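Novice: Sequence and predicted structure below; questions after.
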Amino acid sequence: MILSQTTVKVDGWLVAIDRLAGGSLTLLSLWADPPEVKMATLDEASGDINIITYVCRHNQYPTVGVKHPPAIRLERAIRDLHRLDAIGASDTRPWLAHTAAPYEFLGAEGEALHQIAVGPVHAGIIEPGHFRFTANGEFLVRLEERLGYVHKGIEALMAGAPLDKATKLAARASGDSTVAYGFAFALAAEMALKVAAPPRAIYLRALMAEMERLANHFGDIGAICNDASFSLMHAQCGILRELTLRAAETCFGHRLMMDVIVPGGVARDICEDGVTQLRVLLAEVRRVFPHLTALYDNTASLQDRTVTTGIVKPEYARQFGAGGYIGRASGRDFDARRRPGYAPYDTLKFDVPVLTAGDVNARVWIRIREVEQSLGLVEQIIDSLPDGAIMSDRPATGAGEGFAMTEAFRGDVLVWLRLDDSGHVARCHLRDASWFQWPLLETAVEGNIVADFPLCNKSFNCSYAGHDL
Amino acid sequence: MAVIYDFALQGAQMLLVLLMAPLLTGFVRKVKARLLSRQGPPLLQPYRDLLRLMCKDVVLADNASWLFRVIPYLVFAATWVAASLVPTFRSGLMFSWTADLIAIIAVLGSARFFLALAGMDAGTSFGGIGSSREVMISSLAEPAMLMIVFVIALIAGSTQLSTMAAFMNSAEVGLRVSLGLALIALVIVAVAENARIPVDNPATHLELTMVHEAMVLEYSGRHLALIELAASLKLLLYVSLIACLFAPWGISPAIVAAVPILIGVAAYIGKLGVLGAFLAVFETAIAKMRVFRVPEFLGAALMLALLATLLRFVSRSF
C-alpha cells in the first residue's frame, strides 16, 4: 500500500471531487479534524490511498456530496459532530444528531402511495433504526433510512483519552466486529508510534479476525434463511456459530474476543491446547457445513425467496465503494486483506469470491464461500503459528498519525488517528463499512415488495452501532 | 333425561375443544423445536401465556372505537361455536343439527371480517397491511373451501358434518380420486386459513412480513389472549375437520354408551397428535413464500376442488 498525504487548497479539493465523481477515485471516508476536513481516497487503477486535507475557512468547506452522493451522509455527520458546514450541500438535515425539530423525510408523490413508518423500536430484538417506506400497495417506491439512535459519542470520548482507553472504546464501536475494530485501531496506533507487533501476535490477530468472520457469517446465513421462515438453517447455523464462539472463549477467554488485540501486539496468548480445540472445530464445521450449503441450494422454496430479490446494481456498488459481501456480490472485487493489504495476509493463501448477480442469493453465496476461505485461513494460521513474544515495547509518548484498514466480516473498517505529544489520542476517526452500504439498501429494495424488505435488510446486515458511533 | 345427556355431551365437546386448543398449539411448537434440535417451550406454555395476558392491562390506542374492544369477544365466540360444531369424539351432538359445514364456514368468515375491521380500526399502517393481505388470502381460500364442501357433500349426500362423517366411515366410500383431490385442497386451505408456513409465519417477529400478526398487532392484555385463543381454536377446528372427514375412525355414533365415547376421545387425541406432528414437519421443511405467490398456492386448491367436482359429475365412481 502506498499511503500519501496531501494538503490542498480549494482547487485541489475540487479536482479530487471531480475525480471521485468521474469514478477514477473511490471515497474511503470523509471526516473532520477541526479546523481541517480530511478525505481518504482509493485510486482504483493503482490501489494507492491518499489522505487529502483541506483547511476550513470560517468553518466551511466545498461540498463533496453534490457531485459524489456517497459523501452526503458523512458531510451531514461532520456538521452534527464538528459544526463544519459543507457549502453548497443539497441535503442539510441533521444525520446523527436528533434534535427537537421534526425530521423531514423526502417525499414521493402519487395518488395510490402511502407511507409505512417502521421503527426505531421493532417487534424483534434488533438494533434501532427508523425506516420510512413509501409503497404502492405491496410495491416499494421509496425507502428512506433514519439512523443515529445509538450514537454513543465514541469519537468524542476518544479525544484526549490515553491509548489504552481509546483501544477499549474502539473495540466497542460495533460489538460483532470488535476484533476487526481492535485490529484496525492497533495497526493505526502502531503506525503513529512507529512500532511493529511481533510475528506471533500478528498471526494471532488474523486468527481472531477469521474466527470472528466465521461466527458472524454462520449467524448471517442462518438469519437470512430464518427471515424467509426457514428455521431449520437458522437452528443448524446457530449450532456452528455457538461452537465457534465457545472455541473463541476457550482460546482467548472471551466469546467475541474483545480487548485481546492492543497496540503493540495482543494482550493474551492463545490458551495451551487452543490449537487442538481449533482443529476439532474445523473438523466439525467441515463435516456439517457442506450439508447446510446443499440444503440451502436444494430447498426450492428458499431459493424462490432469495434469487432476484433486492438487487444492488454493480454501478452503485462501484460508485459507493461498497465493501464486504455487498460489494463482492455486485462485482466489486475489493477486500482490505488484499488491498491495501496488511500482515499476515500477504503470506497466507486465500481467494476473494466475487459474484455479479447482486441479489440476496449472491450475498448468501459470498458468505458461504468466505466461510470456506476462512476455514482454510484458520488452518494455515494454526499450522504456521510462530513462537515468540506477543507484545512489543511501545513508546509511552510520541506524536504521530496513523491510518489502517482491516476487513471486518461486513466490509472494510477504516481507522485514522492522530496522537498528541503525550501519546494520548488527539482525534480518532472510525469508519464502518456500513456507511457506504446503508445507502445501497435504499436502492436495492426499490421495486421489491414490502414483505421482502426484512430479507433484503438481513442480507445486508449493516451495522447500526458502528455507523452511529 | 336424554336432553340432559345431550346437553352434557355438547358441553363436554365445547370444553374439550377449548381446553385442547392451546395444547395443540403447544404440541406443534414443541415438535418443531425438537426438529430443529432445540429444547422448545414446555407443552403447557400456551396456557401460561394466555393466563399471563389475561392478567395484564389492556392498552388501547387513543382513536380505537368501540368496535375494536368488542371484536375480540366476537371473534372468540364465533370461533368457539364453530369449533364445537365439528364432530370430534362423538357425532350427532345436540348442536350439530343446527348448522352444517357451510354455516361453519360462514361463521368463520364473519369472524375474519370483523378481525380485518379491527386491524384497520386503530389506523396504523401495519394493521392496514395485515387486513389487506388477510382479505386477499381469504378471498381465495373461501371459494376453494366451498368447492371442497360441494365435492364431499355430493359424495356423502349431505352438508351435515355428522352425516358426512358417518358416510365416510362406512364401507360405501371406497377409494375415490375426487376425495383425494379434496383432501389436498383442504390441507392447503387449512394451512392458509391458520396463517401457517408457507403462507404466513405464526412465530415471526418481522412486522413487515406478518399477515395475521400484523392485523392483531394493536391488541394487548385480555383482548390479545382471546384473539390468540381463537387462533388456537381455529387450528384445532381445521385439524378436527380433516380428521372427521378423512379419518373418521373411532368417532362414537349417536348412542348412549360410555365405552365408544372413551374410545372416541382417545382416537381424537391420537389424530390431533398425528396431524399436529405432520404440520410441524411440513413447516420445518419449507420456507415461506412471497406474498404474491399465495394466490397461486390457493389457486391450486381451488382448481383441485373444482377438478374433483367435475370428476364427480362425469362419473359417480370417481
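Specialist: Structure's in. What do you need?

Novice: Output the residue of the stretch 351-469 of chain A whose distance to chain B is smallest.
Specialist: Among the residues of the stretch 351-469 of chain A, A:Pro454 lies nearest to chain B; the distance is 4.2 Å by C-beta to the nearest C-beta. Backbone N, C-alpha and C define where each C-beta goes, glycine included.

Novice: Which secondary structure element is home to the spatially closest residue to A:Glu401 that is not a sequence neighbour?
Specialist: Residue nearest to A:Glu401 in three dimensions, not counting chain neighbours: A:Arg418, with 5.0 Å by C-beta to C-beta, 6 or more residues apart in numbering or on different chains. Taking DSSP states H and E as the criterion, A:Arg418 maps to strand A:411-419.

Novice: avg pLDDT for that strand?
Specialist: The average pLDDT for strand A:411-419 rounds to 94.

Novice: centre of the chain versus the helix or strand following it, how much separation?
Specialist: Along the chain past strand A:411-419, the next helix or strand (assigned with DSSP H and E) turns out to be strand A:425-431. For strand A:425-431, the gap between its own C-alpha mean and the chain's C-alpha mean amounts to 16 Å (C-alpha atoms, centre = their mean, to the nearest Å).

Novice: Any chance you could list what contacts strand A:425-431?
Specialist: Surrounding strand A:425-431, the residues in contact under the criterion C-beta atoms under 8 Å, 6 or more residues apart in numbering or on different chains are A:28-29, A:31, A:33, A:38, A:154-155, A:158-163, A:166, A:170, A:173, A:181, A:184-185, A:413-420, A:466, A:469.

Novice: Narrow these to just the buried residues.
Specialist: Neighbour-count burial (16 or more other C-beta atoms under 10 Å in any protein chain shown) is assigned, among these, to A:28-29, A:31, A:33, A:38, A:154-155, A:158-159, A:161, A:163, A:166, A:170, A:173, A:181, A:184-185, A:413-419, A:466, A:469.

Novice: Can you name the residues that contact B:Gly250?
Specialist: Residues counted as contacts of B:Gly250 (C-beta under 8 Å, 6+ apart) are B:Ile263, B:Gly264, B:Ala266, B:Ala267, B:Tyr268, B:Lys271.

Novice: now swap in A:Thr250 and tell me
Specialist: Contact criterion C-beta under 8 Å, 6+ apart gives A:Cys271, A:Gly274, A:Gln277 as the residues in contact with A:Thr250.

Novice: Skipping adjacent residues, who's closest to the second one in space?
Specialist: Once flanking residues are discounted, A:Gly274 sits nearest to A:Cys251: 3.9 Å by C-beta to C-beta, 6+ apart.

Novice: What's the mean pLDDT across the helix or strand where that neighbour lies?
Specialist: For A:Cys251, the host element (DSSP H and E) is helix A:231-252. Summarised as a single mean, pLDDT over helix A:231-252 is 95.

Novice: buried sites along that helix?
Specialist: Within helix A:231-252, judged by 16+ other C-beta under 10 Å, the buried ones are A:231-241, A:243-245, A:247-248, A:250-252.

Novice: Could you do stretch A:44-56 as well?
Specialist: Taking 16+ other C-beta under 10 Å as the neighbour-count basis, stretch A:44-56 is seen to contain the buried residues A:Asp48, A:Ile49, A:Asn50, A:Ile51, A:Ile52, A:Tyr54, A:Cys56.

Novice: what does it rub up against?
Specialist: The contact list for stretch A:44-56 (C-beta under 8 Å, 6+ apart) reads A:1-10, A:12-13, A:16, A:23-26, A:28, A:34-43, A:61-62, A:84, A:339-340, A:403, A:416.

Novice: can you check stretch B:201-216 too?
Specialist: Here stretch B:201-216 has contacts from A:116, A:118, A:122-125, A:227, A:229, A:231, A:450-451, A:453-454, B:29, B:115-116, B:118-119, B:126-127, B:129-131, B:133-134, B:137, B:194-196, B:199-200, B:217, B:224, B:227, B:231, B:288, B:291, using C-beta under 8 Å, 6+ apart.
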